[in-house]
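A.B. asks: Dropping the sequence and predicted coords here.
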Amino acid sequence: MSAAPRADWVDTARTLAMFFIVWLHAYAAPDEIGTVVGGAIALFFLLAGYFLPAGAGVALVRTGRLALAWLLWSVLTVVLLALAKPWFEFSWARAVGWECAAYNTPLWFLKTLVCYQLVTVALLALRVLPRYGWLVVVLLMLCSYTTSPSQHLGIRYNYYWVFLLGFCLKRVSVSALQTYLERNWWVLMLVAAGVLVQPQVLACVARAGGLPWKHCSLPTGALAYAFLFVLIAVGISRVLPALAGKLAFCGRRMLFIYAAHSFALSPLYWWGKPEWLWNIWVPVLVLPLVALLGWWLEKRFPRFMALLLARRFR
């Protein structure tokens, strides 16, 4: 199956998710948006799986480009950290994204995505996914439920079932998905809301019945937030297409924004730590500025930007 065409609502959803990620990384941002950011990460993995080619060979080439992008961003991180060494605690593991740190949050994502795609290429070569794709998704989701989401060898494995869910959904075209979401948006909104309040409702029922209760739920909360991003993006594209086009402009450069925004935030912390309006103005300012910088670099240095964005040379 050939790669699905781009659509404004897809890139709009990316921008909405990226808004919360930038906001979370801004000083004095509300702690509560951390759960929403989990949905943003889930959305990125879901879309990465959806747009991964179904052929093992083509998917391997795509993974190679992504690995090269991870390498280049790691080199840029090392250079920038060398220049700003007095302000940051330097570590090679953190510089390449093997460990998490405030200045390199994008690199753990790239590293993890490369590993997800390599595993998926192997499953495609073994012809496992065409026959047992949905079974693998359910199995991995249950494993994520019964095990802690800690890192193993520096890899966040608990999002892999979300990535494969996106891959299994690729049998449905982007236009068909948009039509389904537009027709059933209110049902899907109720389902997402139900998933988000499900742990609290069960806990209340247990307390009311005097039953022992240990909080647990399937790892679907982040996925519910991811679908909310998608539903809102579809609504914006339908009702406010001009706004969707502007948001999609940022979404088409999501990888660049994701990898570069930490360095754009750094001057804020060097000059001071502003705390007004919960710093919600930070993503409003940073997103378009970094997107415009990415657009300008694409015009001036197209080959270099193609490497950073894991794209083919045109």
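C.D. replies: That came through fine.

A.B. asks: Tell me the secondary structure of residue 29, please.
C.D. replies: Three-state assignment for residue 29 (DSSP: H, G, I helix; E, B strand; the rest coil): coil.

A.B. asks: quick one: it from residue 232, how far?
C.D. replies: Residue 29 sits 20 Å away from residue 232, going by Cβ to Cβ, to the nearest Å. For the C-beta atoms, the positions are set from N, CA and C on the backbone; glycine is no exception.

A.B. asks: who has more neighbours, the two?
C.D. replies: Using other Cβ atoms under 10 Å, the more surrounded residue of residue 29 and residue 232 is residue 29, with 20 against 16.

A.B. asks: got a list of what that one touches?
C.D. replies: When contacts are counted by Cβ atoms under 8 Å, 6 or more residues apart in numbering, residue 29 touches 23, 278, 279, 280, 282.

A.B. asks: give me the element the residue lying farthest from the centre of the chain is part of.
C.D. replies: Largest separation from the mean C-alpha position in the chain: residue 210, at 40.0 Å (Cα atoms, centre = their mean). Under the criterion DSSP states H and E, no helix or strand holds residue 210.

A.B. asks: one step back: out of the contacts of residue 29, which is most surrounded?
C.D. replies: Result: residue 282 is most packed of the contacts of residue 29 (other Cβ under 10 Å), 24 neighbours.

A.B. asks: Please look at that residue and residue 265 and confirm they touch.
C.D. replies: Yes. Counting by Cβ atoms under 8 Å, residue 282 touches residue 265, with 7.1 Å between them.

A.B. asks: list residues touching both of these two?
C.D. replies: 22, 26.

A.B. asks: so what pLDDT did the residue farthest from the centre of the chain get?
C.D. replies: Note for residue 210: predicted pLDDT of 76.

A.B. asks: before we move on, what about residue 84?
C.D. replies: Reported pLDDT for residue 84: 62.

A.B. asks: Also residue 34?
C.D. replies: So, for residue 34, pLDDT stands at 84.

A.B. asks: Residue 226 now?
C.D. replies: So, for residue 226, pLDDT stands at 94.

A.B. asks: Check residue 152 too.
C.D. replies: pLDDT, read off for residue 152, is 46.

A.B. asks: next one: residue 264
C.D. replies: Per the predicted model, pLDDT is 79 at residue 264.

A.B. asks: Mind telling me what element it is part of?
C.D. replies: Residue 264 belongs to helix 254-271, assigned by DSSP H and E.

A.B. asks: Any idea how far that helix is from the middle of the chain?
C.D. replies: 17 Å (Cα atoms, centre = their mean, to the nearest Å).

A.B. asks: quick one: secondary structure of residue 6?
C.D. replies: Secondary structure, three-state DSSP: residue 6 is coil.

A.B. asks: Find the nearest non-adjacent residue to it, please.
C.D. replies: In this structure, residue 6 finds its nearest non-sequential neighbour in residue 252, 7.2 Å apart by Cβ to Cβ, 6 or more residues apart in numbering.

A.B. asks: mind listing what residue 125 touches?
C.D. replies: residue 56.

A.B. asks: gap between residue 205 and residue 211?
C.D. replies: For residue 205, the distance to residue 211 equals 8 Å [Cβ to Cβ].

A.B. asks: Same drill for the two, tell me which one is more crowded.
C.D. replies: Neighbours per residue (other Cβ under 10 Å) separate residue 205 from residue 211, with residue 205 holding more: 11 against 8.

A.B. asks: For that one, list the residues it contacts.
C.D. replies: residue 211.

A.B. asks: Quick check: which element contains it?
C.D. replies: Short version, using DSSP H and E: residue 205 is in helix 185-208.

A.B. asks: Return that helix as CSV; C-alpha atoms alone will do.
C.D. replies: What follows is helix 185-208, C-alpha atoms only, in CSV (Å, rounded to 0.1, in the frame of the first residue of the first chain):
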residue,chain,number,x,y,z
TRP,A,185,-17.4,12.7,16.4
TRP,A,186,-19.9,12.9,19.3
VAL,A,187,-19.8,9.2,19.9
LEU,A,188,-16.0,9.1,19.9
MET,A,189,-15.9,12.1,22.2
LEU,A,190,-18.1,10.3,24.7
VAL,A,191,-15.9,7.2,24.4
ALA,A,192,-12.8,9.2,25.0
ALA,A,193,-14.3,11.0,28.0
GLY,A,194,-15.4,7.6,29.4
VAL,A,195,-11.9,6.2,29.1
LEU,A,196,-10.5,9.2,30.9
VAL,A,197,-12.8,9.1,33.8
GLN,A,198,-13.0,5.3,34.0
PRO,A,199,-10.4,4.8,36.8
GLN,A,200,-12.1,7.5,39.0
VAL,A,201,-15.6,6.0,38.4
LEU,A,202,-14.4,2.5,39.4
ALA,A,203,-12.7,3.8,42.5
CYS,A,204,-15.9,5.7,43.6
VAL,A,205,-18.0,2.6,43.0
ALA,A,206,-15.5,0.5,45.1
ARG,A,207,-15.6,3.1,47.9
ALA,A,208,-19.4,3.2,47.9
